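Novice: no sequence on this one, just coordinates:
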């Protein structure tokens, strides 16, 4: 396998991918975005020092880092990147595509000088540490392991422009809904169980599956009761055995599930469905949805399966954090931090989505994953191997290679010839 040839082909695709952003930025900013995507992919690191080193410019690393730092402060850089990523992904999002919205955290316990550090809860340990809140939105089909990274926002509750977490989440959802013409089903964990989200989601005509807390009051037959209490009376008329991938192998889980029609206090004119699932622990899993549910196994299972898709999404979140060392970001400016988070999700989109645009690109993707040296082969969740392959191949080049000096195409297209790169 001619690795240099594959590396140049890959570099050409990165050049074309960055073209979806160039019409919305000045030429220097467009060049900066391409450089950042190259550096992120080649270094697998979000530190500007590592990105600068990957670019391999014939100037000092300090000068390269200073230039990148300057452009990283561009106003509206992050929102514009998000809009273009979502616009490109929109044609892949169908009425029943799952759009998983996952609030997460970025821990920075030792970065005392970083701006607007806030107290966050570590999702792994539950401990309170300093850092930033973040939210990643991804789209996927219920029967597919392919994931589309869409938006990654970062914010601090200590920042002067912070309004509320609800405003952050709704802004993210509005960005996606505006590009997709309200297609898709939004899936949110227990962090989304709040009336401040239910009301606007219903008003916007968006469909959702949200995991409930047991103390959430719902209305049944005109009476409001806690969801956990209502769940006790739900007949679990269906059963299913699923296999969950875990460390050390696979684990079979036997599930029993059923449903009941409910309403929200204050929104009694809207009928919703409470789906109850037993088998994951002592307490049942409670899901609230406005997706149409009929009295059939397939219909009810569609809601359960939609929520369980979060297992794959959790792996994608780890992929983005680990493959680009997101928790190692060290930018000492709040706007630059938020823009860098958007650039990371753009790099993840290139790796996870763009390289599968056509059959030729799929062939290139297989070559890239083979380059990654892994002791146990390419895992089923292959984005880790793909990111490793990108790093190995792109690090063979630099932004000064002859291909990088080609004129940017007027319009970017994944269908442009692939194998004519030199």
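Specialist: Thanks, I have the structure now. Remember, it's a predicted structure, so these values are computed and weren't measured experimentally.
Novice: Now for residue 200, how many residues are close by?
Specialist: Number of residues near residue 200 (other C-beta atoms under 10 Å) recorded here: 15. Every C-beta, even on glycine, is put in place using the N, C-alpha and C of the backbone.
Novice: quick one: the nearest residue to residue 174 once chain neighbours are set aside from residue 195, how far?
Specialist: Leaving out its chain neighbours, the residue that sits closest to residue 174 by C-beta to C-beta, 6 or more residues apart in numbering is residue 204, at 7.8 Å. Distance, residue 204 to residue 195, by C-beta to C-beta, to the nearest Å: 15 Å.
Novice: cool, and residue 231?
Specialist: To residue 195, residue 231 is 19 Å away according to C-beta to C-beta.
Novice: the more surrounded of these two?
Specialist: residue 231 (23 against 14).
Novice: List the contacts of that one.
Specialist: 214, 274, 276, 284, 286 (C-beta atoms under 8 Å, 6 or more residues apart in numbering).
Novice: cool, residue 88 as well?
Specialist: Contact analysis of residue 88 by C-beta under 8 Å, 6+ apart lists 20, 349.
Novice: hmm, try it at 7 Å
Specialist: Contacts for residue 88 were tallied using C-beta atoms under 7 Å, 6 or more residues apart in numbering; they are residue 20.
Novice: Could you measure from it over to residue 71?
Specialist: In this view, residue 88 and residue 71 are 22 Å apart by C-beta to C-beta.
Novice: follow-up on the earlier one: export the contacts of residue 231 to JSON lines and tack on pLDDT?
Specialist: Listed next are those as JSON lines, based on pLDDT from 0 to 100:
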{"residue": "214", "pLDDT": "94"}
{"residue": "274", "pLDDT": "98"}
{"residue": "276", "pLDDT": "97"}
{"residue": "284", "pLDDT": "95"}
{"residue": "286", "pLDDT": "97"}
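Novice: Which of those residues sits closest to residue 82?
Specialist: Using C-beta to C-beta, residue 286 is the member of the contacts of residue 231 that lies nearest residue 82, at 31.4 Å.
Novice: what bits of this structure have low per-residue confidence?
Specialist: Within the chain, the ranges that satisfy pLDDT under 70 run 1-4, 145, 244-250, 312, 356-422.
Novice: So in it, which strand runs the longest?
Specialist: For the chain, the strand with the greatest residue count under DSSP state E is strand 249-264.
Novice: Can you classify residue 154 by secondary structure?
Specialist: The three-state label given to residue 154 by DSSP: H, G, I helix; E, B strand; the rest coil is strand.
Novice: what bridges to it?
Specialist: Beta bridges link residue 154 to residue 134, judged by DSSP bridges.
Novice: For the closest residue to residue 306 other than its chain neighbours, give me its contacts.
Specialist: Closest residue to residue 306 apart from its sequence neighbours, by C-beta to C-beta, 6+ apart: residue 209 at 5.1 Å. If a contact means C-beta under 7 Å, 6+ apart, then residue 209 has 185, 187, 287, 289, 291, 303, 306, 307 as its contacts.
Novice: Of those residues, grab the buried ones for ChimeraX.
Specialist: Buried subset of the contacts of residue 209, written as a ChimeraX selection, criterion 16 or more other C-beta atoms under 10 Å:
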select :185,187,287,289,291,303,306,307
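Novice: Which member of the contacts of residue 209 is positioned nearest residue 43?
Specialist: Once C-beta to C-beta is applied, the member of the contacts of residue 209 that ends up nearest residue 43 is residue 187, at 32.4 Å.
Novice: So the closest one is in contact with residue 98, correct?
Specialist: Yes. Residue 187 lies in contact with residue 98 (C-beta atoms under 7 Å); the separation is 5.3 Å.
Novice: Mutual contacts of these two, please.
Specialist: The contact lists of residue 187 and residue 98 share 306, 309, where a contact means C-beta under 7 Å, 6+ apart.
Novice: Give me the neighbour count for the residue nearest to residue 174.
Specialist: For residue 204, the neighbour count with other C-beta under 10 Å is 12.
Novice: can you check the one 10 residues further on too?
Specialist: The number of residues packed around residue 214, counting by other C-beta under 10 Å, is 14.
Novice: Check residue 268 too.
Specialist: Residue 268: 11 surrounding residues under other C-beta under 10 Å.
Novice: and what of residue 352?
Specialist: For residue 352, the neighbour count with other C-beta under 10 Å is 23.
Novice: Wait, it touches residue 149, no?
Specialist: Yes. Between residue 352 and residue 149 there is a contact at 6.0 Å, judged by C-beta under 7 Å.
Novice: Perfect, I'm done here.
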